[in-house]
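Undergrad: coords below, sequence missing:
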C-alpha cells in the first residue's frame, strides 16, 4: 500500500505547474535513402534533408540511374544552398532517363525547342495577319474619306437643277431628322450600307 501511495505522489508532482514537463520520447525514422540502403541513418546524414522518409520513390529513382555513392559525392562537393536544386535536377534527369533510355533529358529538351519554334512561327504569322488587316482597314477608311470629300464627276447645270429638285423633295420628307434619329442607333457606315 505504501508503494501505490508513493507512485501517486510522483505522478502528481510531474503534473504540477512548478515542475518541468516530462521528457518526450522522440522517434527518429531513417531517411528514405538510408532505409532503402539498409544502413543506419546518422544524425547529420547528408541525404536526410533531401530524401525524406515519406517520399522513398524520389531516392529509388535517383539511385537507379546515378547510384548512391555518386549522389553522396555530388552533394559533398556542392555548397549547402545548391544541394536541394541538385537533388531536384538529379531526380528529374533520372525520371527522363527511365522514360527514354536513349535520349533522356536531351530528347525532352529537343522536343520542347521544336514546340517553341513552332509557336514562334505561328505568333509571327498571326502578327503579320494583324498588321495586314490594320493596313487594309486604314486604306479602306482613307478611300471612304476621299470619296466622301471629293465628288467623282463635275455637275452640269441640268444635273444641278435635278439635284436641287431632289434636295427640295428630301427636305419635305424631313430626311435630316431621320438621319439624326438613326445615327444614335448606329454609325454612319451602317446607315450608308443599308
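TA: Cool, got the structure. The model shown is predicted, which means the values in this text are computed figures rather than measured ones.

Undergrad: report how many residues lie close to residue 41.
TA: Neighbour count for residue 41, taken as other C-beta atoms under 10 Å: 18. The way it works is simple: take the backbone N, C-alpha and C, and place the C-beta from them, glycine included.

Undergrad: list the buried residues of stretch 50-61.
TA: 50, 51, 53, 58, 59, 61 (16 or more other C-beta atoms under 10 Å).

Undergrad: buried ones in whichever helix or strand residue 71 is part of?
TA: Assigned by DSSP states H and E, residue 71 belongs to helix 68-77. Neighbour-count burial for helix 68-77 flags 68, 71, 75 (criterion: 16+ other C-beta under 10 Å).

Undergrad: how deep is the residue nearest to residue 78 when sequence neighbours are not counted tucked in, by neighbour count?
TA: Excluding its sequence neighbours, the residue lying closest to residue 78 (C-beta to C-beta, 6 or more residues apart in numbering) is residue 86, at 5.6 Å. Look at residue 86: counted by other C-beta under 10 Å, it has 16 neighbours.

Undergrad: quick one on the thing from earlier: quick one: residues in contact with the helix holding residue 71.
TA: 33, 37, 46, 47, 50, 62, 63, 66, 83, 86, 87, 90 (C-beta atoms under 8 Å, 6 or more residues apart in numbering).

Undergrad: and which of the residues you listed is nearest residue 98?
TA: Distance to residue 98 across the contacts of helix 68-77 (C-beta to C-beta) is lowest for residue 62, with 10.4 Å.

Undergrad: kind regards, and thank you for your time.
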